[in-house]
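Peer 1: Quick one: sequence plus predicted model below, questions after.
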Amino acid sequence: MADLFDSDAPQPTGGEEPNRPLADRLRPRSLSEVIGQQQVLGPEAPLGVMLASGSLSSLVFWGPPGVGKTTIARLLAKETDLHFVQISAIFTGVPDLKKVFEAAKHRRANGQGTLLFVDEIHRFNKAQQDGFLPHMEDGTILLVGATTENPSFELNAALLSRSQVLVLERLPLADLELLTQRAEKELGRALPLTGDARDALQEMADGDGRALLNLIEQVSAWRVESPLGREALATRLMRRAAKYDKSGEEHYNLISALHKSVRGSDPDAALYWYARMLEGGEDPRFLARRLTRMAVEDIALADPQAQAVCLQAWETYERLGSPEGELALAQAVIYLALAPKTNAGYMAYKAARRLAKETGSTPPPKHIMNAPTKLMTEQGYGAGYQYDHDAEDGFSGQNYFPEGVKRPVLYQPVERGFERELKRRTEFFAKLRLQRNS
């Protein structure tokens, strides 16, 4: 059975107002009452421009829970005189969709357009998503989808090409304070909290307006003799779990933040993102692996010890387990963030792979090929090879690239950390090579 909301359905009367949830009672009645999201609602923002021009396209709202996706969709229908229908992809099957489309066709024949709001649209499979396309194209429906997942990964290219993706953001503390004030006005009394506890309450909501209103509804029901402080509030309320999906986009967002903080030599930011991932339930072994990758990719020969530090921290975690093992990894995070950085080895490796593909199966020059048989000796294998240990400075300067392949410069060390010494050595051998071959 579809979870349908039809704007023609009976609405609660004023007498039922006190029994309705606070979040429902405070639902904005116009777009001007929506708190936040000015990046999509402002006069020069996408929705502001669409409404001013009288041309609204199909949309996909991408953002975390409780930031106004449903409310904005409902108000868009009101602003454009479209019939509002809401369904949830979790509870709606193909037969339900057919009924929705048929009803929209009848309305269209009678001169009434339909704004179809699809919550959790990413939960529809490819075939179900494709089913919207003909009805979007012929104007039967104006689709507004809502998703907490990255549309690039979860929605069909065909559906995305016919829609504009608008990103809705977590509500900052300033907007949550405005929402709190609006709630207090509706309730007719101030919350029984000190200023510090009020801030803590808003922090608990973690940018989710609906979650904040639910918390406010709980707090407003308390009967206390004096305002409660932060600690008393924490005792009475559980902090809302931070949004983190170990297999979803948040996982990749946070590991990217950790990696870039290390690369940017910011130990405080790196520790913060490391802690955020641990608090979200991330496997420390995954973090140990990624830290080792950072040592290889971003620090490399600027500090050859960095890789060993990561491997030792990884081994320490395996031996100690939690929570002490996480401290070893935290120390590796600090070490990597403060280590000198270079990607010269990484870039040299990629350049070498490209050159290897371009040159195919070109053989080595004969003078550096072994000649274990008489025939190979007769063919010139090993002829003219100079044993470097017998050469002046232990360096012959011979060519080791295939014949016909112009000698490239793949490794270009930087003036940072130990790689400064490697730069000096490469320049020394390059000078000797030039002298020996002139």
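Peer 2: Looks like it arrived, so ask away.
Peer 1: Between the two ends of stretch 360-371, how far is it?
Peer 2: Length of stretch 360-371, first residue to last, Cα to Cα, to the nearest Å: 23 Å.
Peer 1: now that stretch, how far from the centre of its chain.
Peer 2: 48 Å (Cα atoms, centre = their mean, to the nearest Å).
Peer 1: Please apply the same query to stretch 285-295.
Peer 2: Per Cα atoms, centre = their mean, the displacement of stretch 285-295 from the mean C-alpha position of its chain is 18 Å.
Peer 1: got the buried residues for it?
Peer 2: The neighbour-count check on stretch 285-295 (16 or more other Cβ atoms under 10 Å) flags 287-288, 290-292, 294-295 as buried. All C-beta spots, glycine's among them, are computed from the backbone N, C-alpha and C.
Peer 1: mind listing what's buried in stretch 412-431?
Peer 2: Neighbour-count burial for stretch 412-431 flags 413-414, 416-419, 422-423 (criterion: 16+ other Cβ under 10 Å).
Peer 1: try stretch 67-82
Peer 2: Under 16+ other Cβ under 10 Å, the buried positions of stretch 67-82 are 67-77, 80, 82.
Peer 1: Now do that stretch: everything it contacts.
Peer 2: The contact list for stretch 67-82, computed with Cβ atoms under 8 Å, 6 or more residues apart in numbering, reads 7, 27-31, 34-37, 40-41, 47, 51, 56, 61, 63, 83-84, 86, 112-115, 117, 119, 142, 144, 146, 168-171, 207-209.
Peer 1: Counting only helices, which of those residues make the cut?
Peer 2: 40-41, 47, 51, 209 (DSSP state H).
Peer 1: Neighbours of Asp175, how many?
Peer 2: Counted with other Cβ atoms under 10 Å, residues neighbouring Asp175 total 20.
Peer 1: how would you label it: helix, strand or coil?
Peer 2: helix (DSSP: H, G, I helix; E, B strand; the rest coil).
Peer 1: Nearest residue to it in space, please, no chain neighbours.
Peer 2: Nearest residue to Asp175, sequence neighbours excluded (Cβ to Cβ, 6 or more residues apart in numbering): Gly36, at 4.2 Å.
Peer 1: doesn't Gly207 make contact with that neighbour?
Peer 2: No - Gly36 lies out of contact with Gly207 (Cβ atoms under 8 Å); the separation is 9.5 Å.
Peer 1: ok so, going back, Throw together a PyMOL command that grabs the buried residues out of the contacts of stretch 67-82.
Peer 2: PyMOL command restricting the contacts of stretch 67-82 to the buried ones, with burial defined by 16+ other Cβ under 10 Å:
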select buried, resi 27+31+34+35+36+37+40+41+47+51+56+61+63+83+84+86+113+114+115+117+119+142+144+146+168+169+170+171+207+208+209
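Peer 1: Just the ones in strands from the contacts of stretch 67-82, please.
Peer 2: Judged by DSSP state E, these include 61, 83-84, 86, 114-115, 117, 119, 142, 144, 146 as members of strands.
Peer 1: ok, of those residues, which one's closest to Asp175?
Peer 2: The closest of the ones in strands among the contacts of stretch 67-82 to Asp175 turns out to be Phe61 (Cβ to Cβ; 16.9 Å).
Peer 1: need the contact list for the closest one.
Peer 2: By Cβ under 8 Å, 6+ apart, the neighbours of Phe61 are 69, 72-73, 144-147, 166, 168.
Peer 1: Show the subsequent helix or strand relative to whatever helix or strand Ala337 lives in.
Peer 2: Here Ala337, judged by DSSP states H and E, is contained in helix 324-338. Per DSSP H and E, the first helix or strand lying C-terminal to helix 324-338 is helix 344-359.
Peer 1: Could you point out the helix or strand that follows that next one?
Peer 2: Criterion used, DSSP H and E; the element after helix 344-359 is helix 374-378.
Peer 1: Okay, Glu282 and His251: tell me how far apart.
Peer 2: Separation of Glu282 from His251 (Cβ to Cβ, to the nearest Å): 7 Å.
Peer 1: who has more neighbours, these two?
Peer 2: Comparing Glu282 with His251 by other Cβ under 10 Å, the one with more neighbours is Glu282, at 19 against 16.
Peer 1: so where is the stretch 101-250 of the chain shaky, pLDDT-wise?
Peer 2: Applying pLDDT under 70 to the stretch 101-250 of the chain picks out residues 239-249.
Peer 1: Now Glu149: closest residue in space, sequence neighbours ignored.
Peer 2: Among residues not flanking Glu149 along the chain, His122 sits closest, at 4.6 Å (Cβ to Cβ, 6+ apart).
Peer 1: how does the protein divide into domains?
Peer 2: 5-167, 174-236, 250-338, 362-436 (automatic domain parsing).
Peer 1: what would these look like in JSON lines with distance to Arg354?
Peer 2: Shown next, in JSON lines, are these (distance: least, Cβ to Cβ, whole Å):
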{"stretch": "domain 5-167", "distance to Arg354": "28"}
{"stretch": "domain 174-236", "distance to Arg354": "44"}
{"stretch": "domain 250-338", "distance to Arg354": "17"}
{"stretch": "domain 362-436", "distance to Arg354": "10"}
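Peer 1: closest one to Tyr349 among those domains?
Peer 2: Using Cβ to Cβ, the domains of the chain put domain 362-436 closest to Tyr349, at 8.2 Å.
Peer 1: same question for the closest one, mean pLDDT?
Peer 2: For domain 362-436, mean pLDDT is 89.
Peer 1: Quick check, Ile90 in contact with His122.
Peer 2: No - applying Cβ under 8 Å as the test, Ile90 and His122 come out as separate, 10.7 Å apart.
Peer 1: higher neighbour count, these two?
Peer 2: Applying other Cβ under 10 Å to Ile90 and His122 shows that His122 carries more neighbours, namely 19 against 10.
Peer 1: pull the CA atoms of stretch 160-178 into PDB?
Peer 2: C-alpha atoms of stretch 160-178 as PDB (Å, rounded to 0.1, in the frame of the first residue of the first chain):
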ATOM      1  CA  LEU A 160      19.200  13.300 -13.500                       C
ATOM      2  CA  SER A 161      19.400  14.700 -17.000                       C
ATOM      3  CA  ARG A 162      15.700  15.700 -16.700                       C
ATOM      4  CA  SER A 163      16.000  17.200 -13.200                       C
ATOM      5  CA  GLN A 164      18.000  19.900 -11.400                       C
ATOM      6  CA  VAL A 165      19.800  18.700  -8.300                       C
ATOM      7  CA  LEU A 166      19.600  21.200  -5.400                       C
ATOM      8  CA  VAL A 167      21.800  20.600  -2.300                       C
ATOM      9  CA  LEU A 168      20.100  21.300   1.100                       C
ATOM     10  CA  GLU A 169      22.500  21.800   4.000                       C
ATOM     11  CA  ARG A 170      22.500  21.000   7.700                       C
ATOM     12  CA  LEU A 171      21.100  23.900   9.600                       C
ATOM     13  CA  PRO A 172      23.800  25.900  11.400                       C
ATOM     14  CA  LEU A 173      23.500  26.800  15.000                       C
ATOM     15  CA  ALA A 174      22.200  30.400  14.200                       C
ATOM     16  CA  ASP A 175      19.300  28.900  12.200                       C
ATOM     17  CA  LEU A 176      18.600  26.400  15.000                       C
ATOM     18  CA  GLU A 177      18.400  29.300  17.500                       C
ATOM     19  CA  LEU A 178      15.800  31.000  15.200                       C
END
